[in-house]
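Peer 1: Sequence plus the predicted model coming up.
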Amino acid sequence: MSTRPKILVTSATGKTGTPTVLQLLEKGFPVRAFVRRLDRRSEALESAGAEIFIGNQYSISDMRAAMVGVKRAYQCAPAAPNPLYFYAAFTAAAYEANLEHVVTLGQWLSSADHHSPMTRSVYMGEILTKMRPEMTVTTINVGWFADNYMNGLDVAAQLGVFSMPLGDGNIKKNAAPSNEDIASVAVGALIDPDTHAGKTYRPTGPELISPNEIAAAMGKALGRTVKYQDISEKMLLKAFKARGSQVAAADYSEAGVYQIKLYAEEYRRGAFAVNAPTRDVKTVGGRMPESFESIASRYVANRPDLKPSISGKLNALAGFLKILVTRAPDIADIEAQNDFVMLKSPTFCLDDAEWRETHQPTDLKLVPGKVA
Ligand SMILES: NC(=O)c1ccc[n+]([C@@H]2O[C@H](COP(=O)([O-])OP(=O)(O)OC[C@H]3O[C@@H](n4cnc5c(N)ncnc54)[C@H](OP(=O)(O)O)[C@@H]3O)[C@@H](O)[C@H]2O)c1
């Protein structure tokens, strides 16, 4: 029997939850994986050795039950619908269970007066999580994941275009981390609380890259030329809406799409470029951060359906036509329907003096160009 402490991983079938579970198991730590339901993803975690806990992460009773016998946890709020409620349920249950150490997935943009209700929730959630002095916390303030670009792989494979509202194609605005590299930092902090308690990390990829470089890397992975095309926010919203009606309702949430619009604006403004890249994947995660080209190649290798074909091309063109005829969601309507708390003077990060002051590049972390 392992003498290592059992670690609870919330959002265990998600992008960072799954590699966190797998890497902890590889290091010999017993893991309880919190999942919403049994499916292919939970089966994969179980066959890797995780104990599966099925429940609702927004229910304090389920969270209580999930924390029985554990002292450490990875806290990962699902992006929607109400992250603050998740933080409250988690923190209340952690208080009752006397948890000793938590690694929380925050946001690089996290700030009190942000335009995004999600980002403001993350900011308040971090404060809630840190309120009990007996429990140590490590915060992972990650920026825009590399995974976000992979939504564009199908169209890139068939039509040779990578379309996103990321602004000028030549400007290097993000050092995108892989899900696995983010998880490596979470795992480093979960297995060694003494070293990482109270610290904040920001995993990044090895270098800042531009939208044109992202398109070129996708092209290399796909074995064809891919060109970046800057699109309007309206087009992005139409694309999500058009796609949403084809897939499960859970994949399309207006509240979620509303956040993406705001994050794309932060991207164009350059907030994700501040203080990037960092050395955190290397120093905390114990591995070299993966390049975007390598990440894209892995995704393509796992998607044999991406091979260009006449039917694939026709599908992509039909999807494009559908986007053109789809009416853009009405933002004012989304704000009203979702009952968002609207601030009088919300800010984006680079206009926020408090955010700028707390996100200054430091000599320790800033490595111009590439991670050494
Ligand atoms: N994407 C980015 O660029 C980015 C950047 C910075 C920070 N973040 C942060 O990343 C976090 C999301 O992390 P992630 O991308 O690793 O997660 P994710 O892939 O969105 O996964 C969320 C997981 O939570 C599960 N879940 C949702 N509601 C549940 C419920 N009521 N009960 C039980 N399970 C539930 C989902 O299960 P099902 O799949 O079965 O529904 C899914 O496995 C957010 O807090 C966000 O602020 C993201």
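Peer 2: Thanks, I have it.
Peer 1: What's the local residue count around residue 14?
Peer 2: 19 (other CB atoms under 10 Å). Every C-beta, even on glycine, is put in place using the N, C-alpha and C of the backbone.
Peer 1: next one: the one 5 residues further on
Peer 2: Residues within reach of residue 19, counting by other CB under 10 Å, total 20.
Peer 1: Ok, the one 10 residues further on next?
Peer 2: Applying other CB under 10 Å, we find 19 other residues in the vicinity of residue 29.
Peer 1: May I have the residues that are in contact with it?
Peer 2: Each residue near residue 29 by CB atoms under 8 Å, 6 or more residues apart in numbering is listed here: 2, 4, 5, 6, 7, 190, 191.
Peer 1: Report the buried residues of stretch 40-48.
Peer 2: By neighbour count on 16 or more other CB atoms under 10 Å, the buried set for stretch 40-48 is 41, 42, 45.
Peer 1: picking that back up, by neighbours, which of the contacts of residue 29 wins?
Peer 2: Most neighbours among these, by other CB under 10 Å: residue 190, with 27 neighbours.
Peer 1: Please, which helix or strand holds that one?
Peer 2: Per DSSP states H and E: residue 190 is located in helix 179-191.
Peer 1: by contact count, what packs against that helix?
Peer 2: Counting contacts by 3 or more CB pairs under 8 Å, 6 or more residues apart in numbering; DSSP states H and E, helix 179-191 packs against helix 17-26, strand 72-75, strand 101-107, strand 136-142, helix 280-283.
Peer 1: deepest of those, which one?
Peer 2: Neighbour counts (mean count of other CB atoms under 10 Å) averaged over each of these peak at strand 72-75, with a mean of 26.
Peer 1: Give the next helix or strand downstream of that strand.
Peer 2: Scanning forward in sequence from strand 72-75 by DSSP H and E, the next helix or strand is helix 83-97.
Peer 1: gap between the closest residue to residue 49 other than its chain neighbours and residue 188?
Peer 2: Nearest residue to residue 49, sequence neighbours excluded (CB to CB, 6 or more residues apart in numbering): residue 25, at 4.8 Å. Here the criterion is CB to CB, to the nearest Å. By it, residue 25 lies 15 Å from residue 188.
Peer 1: got a list of what the one residue in the stretch 1-150 of the chain that gets nearest to the ligand touches?
Peer 2: In the stretch 1-150 of the chain, no residue comes nearer to the ligand than residue 14, which is 2.2 Å away by CB to the nearest ligand atom. Applying CB under 8 Å, 6+ apart, we find residue 14 in contact with 76, 78.
Peer 1: if you set the cut-off to 10 Å instead, what comes out?
Peer 2: 20, 35, 36, 41, 76, 78, 79, 105, 179 (CB atoms under 10 Å, 6 or more residues apart in numbering).
Peer 1: among those residues, which are in reach of the ligand?
Peer 2: Here is what survives when those are matched to the ligand using CB under 6 Å from any ligand atom: 36, 76, 78, 79, 105.
Peer 1: Rank those residues by pLDDT and give me only the lowest.
Peer 2: Lowest pLDDT among those: residue 79, with 82.
Peer 1: Can you tell me, leaving aside adjacent residues, what's nearest to that residue?
Peer 2: Closest to residue 79 by CB to CB, 6+ apart is residue 256, at 5.9 Å.
Peer 1: can you count the residues close to that neighbour?
Peer 2: 17.
Peer 1: Looks to me like it is in a helix.
Peer 2: Yes - counting by DSSP: H, G, I helix; E, B strand; the rest coil, residue 256 falls inside a helix.
Peer 1: wait, it sits on residue 117?
Peer 2: No - here residue 256 lies out of contact with residue 117, judged by CB atoms under 10 Å, at a distance of 11.2 Å.
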